[in-house]
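Novice: build me a model:
(2 chains)
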Amino acid sequence: MLSMKDICKTYDNGKLTLPVLFNINLEIEKGDFVAITGPSGSGKSTLMNIIGCLDTATSGTYILNGEDIASKNENELAEIRNKYIGFVFQSFNLMPRETALENVALPMLYAGIKKKQRLERAAAVLEKMGLGDRMDHLPGQLSGGQKQRVAIARAMALDPSVLLADEPTGALDSKSSFQIMDIFRELNSEGTTIIMITHDSEIADYAKTQLHIRDGRLYAPLKEGSAQ
Amino acid sequence: MFEDIKLSFKGIWSHKMRSFLTMLGIIVGIASVIAVVSTIKGTNDQIKSNLIGDGSNTVTVELYKDGWPVDLSYESIPSGIPVFTDDVKAELIKNDAIEDAAFYRFRDWADSLYFRNIQLQNQICGIDDSYLYVSGLQITKGRGFSEYDHKNYNKVALIDKIVLNSLEGEDPIGKVIDINGEPFTVIGIVDKRSEFEPVINSVQDYLNYVSSSSGTIYIPQELWPVCFKFDEPLNVIVKATSTDDMISAGNAAISLLNSKLSVADGSDIKYASGNLANAAASLNSLSSSTNILMIGIASISLLVGGIGVMNIMLVSVTERTREIGLKKALGAKKRRIRSQFLTEAVILSGIGGILGVITGIILSYVISAVALIPVSISTPAVVIAVLFSMVIGIVFGMLPSVKASNLNPIDALRYE
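Specialist: Presented below is the predicted three-dimensional model:
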């Protein structure tokens, strides 16, 4: 479903050439739950951006759901992100002036879904996240764990092929973190493919597979509990 | 589109103070334009109505001899002047500049003009069936001449308010006025259709006004020969389709009527129109020069307002960098980001334009009250002002919205 072959990424600002990723090869099947761990500066964010189609590789091929990402232009990438990728960020990135319901409905606006259906679907997903009574709250009125659940609901609103989580628990206390990971595990058991970046080994242990990235090179799956 | 508009209002509302200050440039620009245009238009309208009467766009064409209007009170009928028929009127109306035309005969005074034993010093006018409409008169009491009156030589008359005031307070309707020994029954009172209050600031204003203020008694033109002579030349009053057409309407009427004359070579007898057409011409040049000035003032003030809008939109883009990054990550295309910011800029400047129009109208009335200058709100100026302020929004919103749509989602998401 998701396949990367010899992906390299080099940043070039004209004066300085900075290679970040070297020959990344990655195969992810539907239903996988992968944690990518690595120290800061290892290139894990760059890899996430490429997987999330926010950035394109300098060389190599990346096939997502049969589509060759390298050949897409900016607008086509936006469409692919909308259709296939659900983003969960460390800092939630909710629209501060919109209610939880409107936040969840936002990606469906870009998919061209009618307003009534958008709100119905958003309400259903929020209900599932246990936020049925928080729909009309603004992000500022929610706790960190609740905000992240709204963000997950938003990511799941369009039934993505991949749920891409970048340090999803980085801004949460441990109780909320485990709640969020329980939700991830449940979503995964229902068939959602999840790729997660973290440097917290306790969190990484929730994943079925752990990959380690260091100095821009991806290392074979490590055994559970053996990361760093 | 609808989502964009809703979002824009939300954005503008959440920064009320800043949005208002942004709009201020546009508001002041538009308001001053509206106020100045309205004041100038008011002054123009005043001059126009003083010169041309009530602005009914009429041009009178009279017979002139040696440069002076032919006055049959003192002289005989010049030879070679045909009495025009309705065919000539039809020919006149065919001209695009002429909406309608009417024939009339006219005397400054009659030898013997009595109401009971009061001797009247009024003008007499013999009119056809379209004269009242063309010259902008209406019946305020009683009735006008019917077709029956015209056909059957009924001795009926209409008087205007000035004549009425000289009748020592009696109700004249149904009573008799004696014109050169012939009894005419007064059947109605006429007045200018629009309430015309002359503003007299100079001797010229007074002269323009007084020439039309000595009071007139109207009789059906069929009865003119009963009191006067049967083959007296007709004068024409034409109503131009608009004030701008007055000159061409007047000139068309003059050349048509002159082509019907068969006067002896060397005699200077011709149809002409006083100086009304010239007055209209100078008025038009007055308006067009002020219009050009206005466009200049408007452009400068709106340019300043537009730069204000651009500034704030640029700040707004920077402020919402993360939001833009997020939206792009969630699948918003460039076009959508662009149209969101563009819509906001247009709405911001459009609201500024509308507030500016309202302020401008209030300002106009304040100026009018304080400086005693007449004010006439120009509808085209209002519409153009609002549209133009929206165009300003598009032009000056373009740069910020393109900048927003070109943001890289990764950098934008990372922006603090």
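
Novice: and the pLDDT for the closest residue to chain A within the stretch 101-250 of chain B?
Specialist: Distance from chain A to each residue of the stretch 101-250 of chain B (CB to the nearest CB) is smallest for B:Ser242, at 49.3 Å. Glycine gets a C-beta too; all of them are placed from N, C-alpha and C. B:Ser242 is assigned a predicted lDDT (pLDDT) of 76.

Novice: the one 10 residues further on too?
Specialist: pLDDT for B:Ala252: 87.

Novice: tell me, what residue is most central in chain A?
Specialist: Among the residues of chain A, the one closest to the centroid is A:Leu164, at 1.4 Å (CA atoms, centre = their mean).

Novice: in contact with it, which residues?
Specialist: Contacts for A:Leu164 (CB atoms under 8 Å, 6 or more residues apart in numbering or on different chains) come out as A:Met48, A:Ile51, A:Gly52, A:Ile85, A:Gly86, A:Phe87, A:Val88, A:Ala155, A:Ile195, A:Met196.

Novice: excluding its backbone neighbours, what's nearest the residue of chain A found nearest chain B?
Specialist: Nearest to chain B, among the residues of chain A, is A:Asn82, at 2.4 Å (CB to the nearest CB). Nearest residue to A:Asn82 in three dimensions, chain neighbours excluded: B:Gly331, at 2.4 Å (CB to CB, 6 or more residues apart in numbering or on different chains).

Novice: so the residue nearest to the centre of chain A is in which element?
Specialist: Counting by DSSP states H and E, the element that carries A:Leu164 is strand A:162-166.

Novice: give the buried residues for the helix or strand following that strand.
Specialist: Per DSSP H and E, the first helix or strand lying C-terminal to strand A:162-166 is helix A:174-189. Applying a neighbour-count criterion of 16 or more other CB atoms under 10 Å in any protein chain shown, one finds A:Ser176, A:Ser177, A:Phe178, A:Gln179, A:Ile180, A:Met181, A:Ile183, A:Phe184, A:Leu187, A:Asn188 buried in helix A:174-189.

Novice: now the residues you listed as TSV including distance to chain B and pLDDT?
Specialist: Shown next, in TSV, are those (distance: CB to the nearest CB, whole Å; pLDDT from 0 to 100):
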residue	distance to chain B	pLDDT
A:Ser176	21	94
A:Ser177	21	94
A:Phe178	26	93
A:Gln179	23	94
A:Ile180	19	94
A:Met181	22	95
A:Ile183	20	95
A:Phe184	19	95
A:Leu187	18	95
A:Asn188	22	95
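
Novice: and stretch A:50-61, end to end?
Specialist: Using CA to CA, to the nearest Å, one end of stretch A:50-61 lies 11 Å from the other.

Novice: just stretch B:69-86 next, same as before
Specialist: 23 Å.

Novice: how about low-confidence regions in the stretch 301-416 of chain B?
Specialist: Residues of the stretch 301-416 of chain B meeting the criterion pLDDT under 70: none.

Novice: residues from it in reach of chain A?
Specialist: B:322-323, B:326-336, B:409-410, B:413 (CB under 8 Å from any CB of the partner chain).

Novice: please tell me how far the nearest residue to A:Thr46 once chain neighbours are set aside sits from A:Arg217.
Specialist: With sequence-adjacent residues excluded and distances taken as CB to CB, 6+ apart, A:Thr46 is closest to A:Val20, at 4.9 Å. Separation of A:Val20 from A:Arg217 (CB to CB, to the nearest Å) stands at 11 Å.

Novice: looking at those two, which one has more neighbours?
Specialist: Neighbour tally, A:Val20 and A:Arg217, criterion other CB atoms under 10 Å in any protein chain shown: the higher count belongs to A:Val20, 18 against 14.

Novice: now do the strands in the stretch 1-150 of chain B.
Specialist: Secondary structure of the stretch 1-150 of chain B (DSSP state E, counting those that start in this stretch): strands located at B:58-65, B:68-69, B:98-107, B:113-115, B:118-119, B:123-127, B:137-142.

Novice: one step back: run me through the strand neighbours of the host helix or strand of the residue nearest to A:Thr46, direction for each.
Specialist: Using DSSP H and E, A:Val20 maps to strand A:17-28. Partners of strand A:17-28 in the sheet, by DSSP bridges, are strand A:2-12 (antiparallel).

Novice: tell me where the chain has helices.
Specialist: Picking chain A for this. Secondary structure of chain A, counting by DSSP state H: helices at A:44-51, A:74-84, A:100-110, A:115-128, A:144-156, A:174-189, A:201-204.

Novice: that's the wrong chain, I wanted chain B
Specialist: Using DSSP H, helices in chain B cover B:2-14, B:16-52, B:86-94, B:131-134, B:147-151, B:161-165, B:203-210, B:224-227, B:246-259, B:276-319, B:321-329, B:334-371, B:379-405, B:409-414.

Novice: go through the ones you listed and name the closest to A:Ala111.
Specialist: Nearest to A:Ala111 among those is helix B:334-371; the distance by CB to CB comes to 11.8 Å.

Novice: who are the packing partners of that closest one?
Specialist: Packing contacts for helix B:334-371, counted by 3 or more CB pairs under 8 Å, 6 or more residues apart in numbering or on different chains; DSSP states H and E, involve helix A:74-84, helix B:2-14, helix B:16-52, helix B:276-319, helix B:321-329, helix B:379-405.

Novice: count of residues packed around B:Thr43?
Specialist: 17.

Novice: just checking, it touches B:Ile373?
Specialist: Yes. B:Thr43 is within contact range of B:Ile373, at 6.3 Å (criterion: CB atoms under 8 Å).

Novice: what does chain A have sitting close to chain B?
Specialist: A:49, A:52, A:54-55, A:74-75, A:78-79, A:81-83, A:87, A:89, A:93, A:95, A:97, A:106-107, A:109-111, A:154.

Novice: now the buried members of the residues you listed.
Specialist: Using 16+ other CB under 10 Å as the burial test, the residues of chain A next to chain B include A:49, A:52, A:54-55, A:78, A:81-83, A:87, A:89, A:93, A:95, A:97, A:106-107, A:109-110, A:154 as buried.

Novice: now B:Ile173: closest residue in space, sequence neighbours ignored.
Specialist: Nearest one to B:Ile173, counting by CB to CB, 6+ apart, is B:Gly142 at 4.7 Å.

Novice: my bad, should have said B:Phe103
Specialist: Using CB to CB, 6+ apart, the closest residue to B:Phe103 is B:Leu234 (4.4 Å).

Novice: returning to that earlier point: which of the residues of the stretch 301-416 of chain B next to chain A are buried?
Specialist: Counted by 16+ other CB under 10 Å, these give B:322-323, B:326-334, B:336, B:409-410, B:413 as buried.
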